[in-house]
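>>> Predicted model, plus sequence, below.
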Amino acid sequence: MNNETKLQAKFIKAAKEFCYIVRTGVTGEAGDPDVFACVAGKFYGLEFKDGSKVSDIQQYKLDAIRKNGGTAIVVTSKNYDEVLLDLKAESDYLFFLESTRRRQCNNQQ
């Protein structure tokens, strides 16, 4: 298992606790990000790299995600913790908003 695959597996194990994840693997098209994730209703395309560069087709797909309102991130060992914490914070914020809304609705009854 190469470093990119290890990084991806580590991320999926941690992130599946708070978001929906689809690992594209062999089912994806050429250039698709390694992982698609949905966090708090937002779409993310995550490409895992550890020392190698994003190919032209990968960059094209990441740009297409951004142009269509999604977020595309290249995850490396250097930004791994930051990306994971940011996505977790996004999920926690939605949970906070939903629980606040429920409390407000219950108080009005």
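Perfect, I can see it now. Residues are numbered from 1 along each chain as shown.

>>> Now do the contacts for the nearest residue to residue 39 once chain neighbours are set aside.
Nearest residue to residue 39 in three dimensions, chain neighbours excluded: residue 19, at 4.2 Å (C-beta to C-beta, 6 or more residues apart in numbering). To be clear about C-beta, it is placed using only N, CA and C from the backbone, and glycine gets the same treatment. Residue 19 makes contact with 37, 38, 39, 40, 87, 91, according to C-beta atoms under 8 Å, 6 or more residues apart in numbering.

>>> so who does residue 61 touch?
Listed by C-beta under 8 Å, 6+ apart, the contact set of residue 61 reads 31, 32, 33, 45, 72.

>>> out of those residues, which are inside strands?
Among those, DSSP state E puts 45, 72 in strands.

>>> quick one, helices of the chain?
For the chain, the helices defined by DSSP state H occupy 3-15, 56-67, 80-108.

>>> Out of those, which one sits most buried?
When the helices of the chain are scored by mean count of other C-beta atoms under 10 Å, the highest mean neighbour count falls to helix 3-15 (a mean of 16).

>>> thinking again about what came up before, export the helices of the chain to TSV and append columns for mean pLDDT and distance to residue 23.
Formatted as TSV, the helices of the chain follow (pLDDT from 0 to 100; distance: least, C-beta to C-beta, whole Å):
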stretch	mean pLDDT	distance to residue 23
helix 3-15	92	6
helix 56-67	97	15
helix 80-108	76	15
